[in-house]
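Trainee: 3D, please:
(2 chains)
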Number of protein chains: 2
Amino acid sequence: MRKPFSDQLEERWLRADSMLCVGLDPLPDRLPAGVSVAQFCIDIVDATAELVCAFKPQFAHFAALGAEQELAEIIGYIHSSYPDIPVILDAKRGDVPSTAERYAVEAFERYEADAVTVNPYLGTDSIEPYLQYADRGVIILARTSNEGAGWLQDQGEPVFLRVARAAAQLNRSGNVALVAGATHPQELAQIRSEVQNMPLLVPGVGSQGGDVAKVLAAGLAPHGNGLIINSSRGILYASQTDDYAQAAQAAAFSVVSDIRRALAGLNA
Amino acid sequence: MRKPFSDQLEERWLRADSMLCVGLDPLPDRLPAGVSVAQFCIDIVDATAELVCAFKPQFAHFAALGAEQELAEIIGYIHSSYPDIPVILDAKRGDVPSTAERYAVEAFERYEADAVTVNPYLGTDSIEPYLQYADRGVIILARTSNEGAGWLQDQGEPVFLRVARAAAQLNRSGNVALVAGATHPQELAQIRSEVQNMPLLVPGVGSQGGDVAKVLAAGLAPHGNGLIINSSRGILYASQTDDYAQAAQAAAFSVVSDIRRALAGLNA
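Mentor: Predicted coordinates:
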């Protein structure tokens, strides 16, 4: 019996005392000379594992290189070496229900991810096939971190809150979460107020300019924790020479320290 | 110098006298006994090539099987055997700009697709990286064919028309198209009125219940043609025994005949 994603996450927040998620986005131009994609990612995993609540391999970065085998190898490595750290496959899938079934097979059976990110543009019926896997997390895009996000997501009700409300209703098995970018703390707070203790995956701190203290003030769950604060390039490429693993560890520790300090400030 | 997607399509509409696109969605449970994914798709391609304006391999159906190599092989086969038939990679990618760059590399450089489908949820900045490939088609989801599509796409302005208007503006190089489902002819007509002669990829005829005559009445371009009418399962699984290729050809011919008849009705 597999431990549900939400339980994995709860335990990991407590055990690691960390809401940091390290994103694995290998870029061939930025890898240290002579280091393969798989070796690079595994070294980053080893260097940062004790500091994270989750790892998040980003699909496009592997697909562009034809590195599906390496992606599977890295996920397998995390499962065997750090069995209590959940793996989020960041693939942002979105398709009609019969096709979504195939994407769910890909994420949960082929790659054995603990959670997958999905795009709500096709509606709630397009998300149901993932929810059938009650022990896996389904992380729905609400408000993304990029500059152009609001162009569609702020339309109408607005759309990002409609998605958050639907996510609360879809959460029958406790396996739903949302993406809410760090770059828009006000929208993050609106999302939090709709979804109580639901986990929020928060991209956009570090290179995209999101502020950790604002993220915590806006997004902390009523019961504490509740955030998966992602940093990818700021950690992966802290150094591009031989000391990349140590540099990544130092960069991860710096984010974790920022989070802990902000948390202490909120509790003061 | 590669022929631009839009020119390929224009020529193919005329040469094949067909707006049918055959979707390649291999399902392991429905393949005839002893036939591999690659062989099945290649047989379908050979059986239907003279009847189509495009082929559309659907990414999830390959990804769920770990069949990336077969996907590349099938696309390569179409390019070499039928160089005037464009290949649309139906992957519905959607991510922040720096990640979208990697998805564009995957679709256009790794798989050498002539066009790719993309999801607009992250906004127009997330679509720009694909548009940099001026000779490739970028087919943006506007109104999809599934039952739950309107839940988000009909919000606000509505969203699907906002997407159509943005597509018209993004179409600086003449390489933008839209997805507009056959199951909602009224919305298809609204989209057509916003985008003049832009190509529309229309899923949802056949097993999803869309009506070819209504699609043509609503979606035909002012200059004629302008539609890429997709059928996948109705053609692929017309028979699941040894005669699958002949059965697929007959099913494709039946859709093409429906299209030609509807077109004659409109011109009468």
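Trainee: by contact count, what packs against the longest helix belonging to chain A?
Mentor: Selection of the longest helix in chain A by residue count, based on DSSP state H, yields helix A:244-267. For helix A:244-267, the helices and strands in contact under the criterion 3 or more C-beta pairs under 8 Å, 6 or more residues apart in numbering or on different chains; DSSP states H and E are strand A:20-24, helix A:37-48, helix A:212-219, strand A:227-231, helix A:233-236. From N, CA and C alone the C-beta is placed, and that goes for glycine too.
Trainee: Dump those into CSV; add mean pLDDT and mean neighbour count as well.
Mentor: Shown next, in CSV, are these (pLDDT from 0 to 100; neighbours: other C-beta atoms under 10 Å in any protein chain shown):
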stretch, mean pLDDT, mean neighbour count
strand A:20-24, 98, 26
helix A:37-48, 98, 21
helix A:212-219, 97, 21
strand A:227-231, 98, 29
helix A:233-236, 96, 23
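Trainee: I'd like the ones you listed as CSV, with distance to residue B:251 appended.
Mentor: Putting these into CSV (distance: least, C-beta to C-beta, whole Å) gives the following:
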stretch, distance to residue B:251
strand A:20-24, 43
helix A:37-48, 43
helix A:212-219, 52
strand A:227-231, 46
helix A:233-236, 48
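Trainee: Among these, which comes closest to residue B:113?
Mentor: Ranking the helices and strands packed on helix A:244-267 by distance to residue B:113, with C-beta to C-beta as the measure, places helix A:37-48 first at 22.8 Å.
Trainee: still on that earlier bit, so which of the helices and strands packed on helix A:244-267 is nearest chain B?
Mentor: Chain B lies closest to helix A:233-236 among the helices and strands packed on helix A:244-267, at 8.1 Å (C-beta to the nearest C-beta).
Trainee: who's in contact with the closest one?
Mentor: Helix A:233-236 is contacted by residues A:22-26, A:30, A:40, A:44, A:48, A:205-207, A:244, A:248, A:251-252, A:255 when judged by C-beta atoms under 8 Å, 6 or more residues apart in numbering or on different chains.
Trainee: May I have it as CSV, with CA atoms only?
Mentor: Below are the C-alpha coordinates for helix A:233-236, written out as CSV (Å, rounded to 0.1, in the frame of the first residue of the first chain):
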residue,chain,number,x,y,z
ARG,A,233,17.4,27.6,-11.5
GLY,A,234,18.5,29.6,-8.4
ILE,A,235,19.6,26.3,-6.8
LEU,A,236,20.6,24.2,-9.8
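Trainee: Might you calculate how far it sits from the centre of the chain?
Mentor: A distance of 14 Å separates the centroid of the chain from that of helix A:233-236, by C-alpha atoms, centre = their mean, to the nearest Å.
Trainee: Number of residues surrounding residue A:267?
Mentor: Using other C-beta atoms under 10 Å in any protein chain shown, the number of residues around residue A:267 comes to 8.
Trainee: if I look at it, how far off is residue A:212?
Mentor: With distances defined as C-beta to C-beta, to the nearest Å, the gap from residue A:267 to residue A:212 amounts to 15 Å.
Trainee: same deal with residue A:34?
Mentor: For residue A:34, the distance to residue A:212 under the criterion C-beta to C-beta works out to 34 Å.
Trainee: Same check on residue A:23?
Mentor: Counting by C-beta to C-beta, the separation of residue A:23 from residue A:212 is 16 Å.
Trainee: likewise residue A:141?
Mentor: 21 Å.
Trainee: Next: residue A:65.
Mentor: Separation of residue A:65 from residue A:212 (C-beta to C-beta): 31 Å.
Trainee: Let me know the secondary structure of residue A:142.
Mentor: Using DSSP: H, G, I helix; E, B strand; the rest coil, the three-state assignment for residue A:142 comes out as strand.
Trainee: dump the residue contacts of it.
Mentor: By C-beta under 8 Å, 6+ apart, residue A:142 lies in contact with A:120, A:153, A:160-161, A:163-164, A:167, A:178-180, A:191.
Trainee: Mind picking the one among those that's closest to chain B?
Mentor: Checking the contacts of residue A:142 one by one against chain B (C-beta to the nearest C-beta), the nearest turns out to be residue A:120, at 6.0 Å.
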